[in-house]
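Participant: Quick check, what structure comes out for this input:
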Amino acid sequence: MAKILALHGPNLNLLGQREPHIYGSDSLEDINARLSEQCSSVGHEFDALQSNSEAALIDRIHQARIDSTAFLIVNFGGFTHTSIALRDAMLAAEIPSIEVHLSNLHKREPFRHKSYFADVAIGSIVGLGAQGYELALQAACSRL
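Facilitator: Below you'll find the model as predicted:
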């Protein structure tokens, strides 16, 4: 059994309410519940953290280094385009990851086209809505 951690960045606590035409109608609780069920069905453990605080996300990545977390699924929201500190934490953790974005960043504002995590992650899934998380988890399980 492996431990898989999903990290959700700022404003993702508002999923289902905030701009559903961009981010869809699923709440973060809906997404996490499906991921948890998908994990248990293949014998893995699932944990998730959503935070609007960069420091809390960094602290959780540091904890993942020592708590036997085997894989990360990350959507750092707006921090994707700004946070070198989160990038450094991901590099220090040395835990394989897949980056997920609900919307297609490449069809949005130019400042969203650059991800500080795309080259750190095994892969990125963008623009597939909440299904992107499930596909990332499927890929993570295949690698484990």
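Participant: Please count neighbours and contacts with C-alpha atoms only from this point.
Facilitator: Fine.
Participant: from the middle of its chain, how far away would stretch 28-37 be?
Facilitator: Relative to its chain's centre, stretch 28-37 lies at 12 Å (Cα atoms, centre = their mean, to the nearest Å).
Participant: An error on my part: the question was meant for stretch 110-125.
Facilitator: 12 Å.
Participant: So what touches that stretch?
Facilitator: 80-84, 87, 90-91, 96-101, 105-106, 132, 136 (Cα atoms under 8 Å, 6 or more residues apart in numbering).
Participant: which parts of that stretch are buried?
Facilitator: 112, 115-118, 120-121, 123-125 (16 or more other Cα atoms under 10 Å).
Participant: Does the spatially most central residue of the chain lie in a helix or a strand, and which?
Facilitator: Nearest residue to the geometric centre of the chain (Cα atoms, centre = their mean): residue 74, 1.9 Å. Element membership of residue 74 [criterion: DSSP states H and E] is strand 69-75.
Participant: Quick check: mean pLDDT of that strand?
Facilitator: Mean pLDDT, strand 69-75: 98.
Participant: packing partners for it?
Facilitator: Applying 3 or more Cα pairs under 8 Å, 6 or more residues apart in numbering; DSSP states H and E, one finds that strand 69-75 contacts strand 3-8, strand 97-101, helix 131-143.
Participant: Partner strands of it and their direction?
Facilitator: Sheet partners assigned to strand 69-75 using DSSP bridges are listed as strand 3-8 (parallel), strand 97-101 (parallel).
Participant: Export those as a markdown table, with columns for distance to residue 57, mean pLDDT and mean neighbour count.
Facilitator: Shown next, in a markdown table, are the strands paired with strand 69-75 (distance: least, Cα to Cα, whole Å; pLDDT from 0 to 100; neighbours: other Cα atoms under 10 Å):
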| stretch | distance to residue 57 | mean pLDDT | mean neighbour count |
| --- | --- | --- | --- |
| strand 3-8 | 7 | 98 | 22 |
| strand 97-101 | 14 | 96 | 25 |
